[in-house]
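Trainee: I'll drop the sequence and a predicted model, then ask my questions.
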Amino acid sequence: MKAIQVNETGGPEVLKLVDLPTPTPGPGEVLVRHTAIGLNFIDTYHRSGLYALPLPFTPGQEGAGVVEAVGEGVTRLSKGDRIAYAWGPVGAYAEYRTLPADRAVKLPEGLDDRIAAASLLKACTVEYLVCRTHTVKKGETVLWHAAAGGVGLLAVQWLKSIGAAVIGTAGSKEKADLARAHGCDHVILYREEDVPTRVKEITNGKGVPVVYDSVGKDTFAASLDCLQPRGLMVSFGNASGPVTGVDLGILATKGSLYVTRPTLVHYYATPEDRERYCAQVFDKILKGDLKVEIEQTFALDNVAEAHRALAARKTTGCTIIEP
């Protein structure tokens, strides 16, 4: 089978297409034939070494496909089942892979494999952020950085479906228009406007109860200035680099603020979590509350270019890799 392998961490050039034996599922595992593979920012963290993994490895945490074989002891899945996964272990950048059976969720009828692979990790991220990290209520106004990104566009739609108002940030007028088209109430062009000043203007000086920030280092300080007293800063990504050297005293002086650094794996930690919350995500997609738009498609042998586009913020919406 064809697969991408990383033998040393670094830039996109370390993503090498190789021939590997098709694996055999062990006890508790299934063999999955991928029909579509998801592309996510965390893949670049693994490739670069920001999130270290033992070498060599095949990147990718998200995919959809068909169960081709089941290992000893697997009873909840059968050959021919359509499944998806979004929480690792890594290994998605391949035509086939083995996967612990309890990491896969069955796809409902009517949900296309490509849509599942493009959106499951992003949509599950949105679910835990807006429903559990901070339970956004009808009428609340929230700030979402990178509102035209893959997670951002789904987040805007989910937030609007529950009656929240959304302030988004974007790096260009084209991306601002895209965010507005998906329901964003206000879009701040962060390269041209001061984000805290505009947030205070939009909220009549109050600020917002919660900021969702996947950008990291470049936006952390300004995000704190957008919050109401006792507001929550949700830092869930490092697109511009990790946040370091935080002085906790700043949280006091800026209004007894809260900060959290959540990750998907802790919110989708058990098979029961995955079944329960994925069902909510699938329902949102099938009802049309979340319209998943695949804006970019890359072949497996061109995945380095996909990483370059993602890091340069040239992508919008969702991206898939075709095995």
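Mentor: Right, received. Where do you want to start? A quick note: this is a predicted structure, and the numbers were derived from the prediction, not measured.
Trainee: helices of this structure, start to end?
Mentor: Per DSSP state H, the chain carries helices over the ranges 41-48, 113-128, 150-161, 173-181, 195-202, 220-224, 249-253, 264-267, 271-287, 303-311.
Trainee: quick one: closest of the ones you listed to Pro100.
Mentor: helix 271-287 (9.5 Å; C-beta to C-beta). Every C-beta, even on glycine, is put in place using the N, C-alpha and C of the backbone.
Trainee: now do that closest one: distance to the chain's middle.
Mentor: Helix 271-287 sits 15 Å away from the centroid of its parent chain (C-alpha atoms, centre = their mean, to the nearest Å).
Trainee: what mean pLDDT does that helix have?
Mentor: Helix 271-287 shows a mean pLDDT of 95.
Trainee: what angle separates that helix from helix 150-161?
Mentor: Relative orientation of helix 271-287 versus helix 150-161 (axes from the mean of the first three to the mean of the last three C-alpha atoms, to 10 degrees): 70 degrees.
Trainee: sorry, back to before: of the helices of the chain, which is nearest Ser240?
Mentor: Of all these, helix 220-224 comes closest under C-beta to C-beta, at 9.1 Å.
Trainee: and the closest one, what does it pack against?
Mentor: helix 195-202, strand 208-213, strand 227-235 (3 or more C-beta pairs under 8 Å, 6 or more residues apart in numbering; DSSP states H and E).
Trainee: dump those to CSV, plus mean pLDDT.
Mentor: Output for the helices and strands packed on helix 220-224, formatted as CSV (pLDDT from 0 to 100):
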stretch, mean pLDDT
helix 195-202, 98
strand 208-213, 98
strand 227-235, 98
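Trainee: per-residue confidence averaged over stretch 153-160?
Mentor: Mean predicted lDDT for stretch 153-160 stands at 96.
Trainee: surely Ala117 touches Ala64?
Mentor: Yes - contact criterion C-beta atoms under 8 Å: Ala117 and Ala64 qualify, at 4.0 Å.
Trainee: joint contacts of the two?
Mentor: His34, Thr35, Ala36, Ile37, Gly38, Ala84 (C-beta atoms under 8 Å, 6 or more residues apart in numbering).
Trainee: the last one reaches Ala64, doesn't it?
Mentor: Yes - at 4.1 Å, Ala84 counts as touching Ala64 under the criterion of C-beta under 8 Å.
Trainee: thanks a lot, see you next time.
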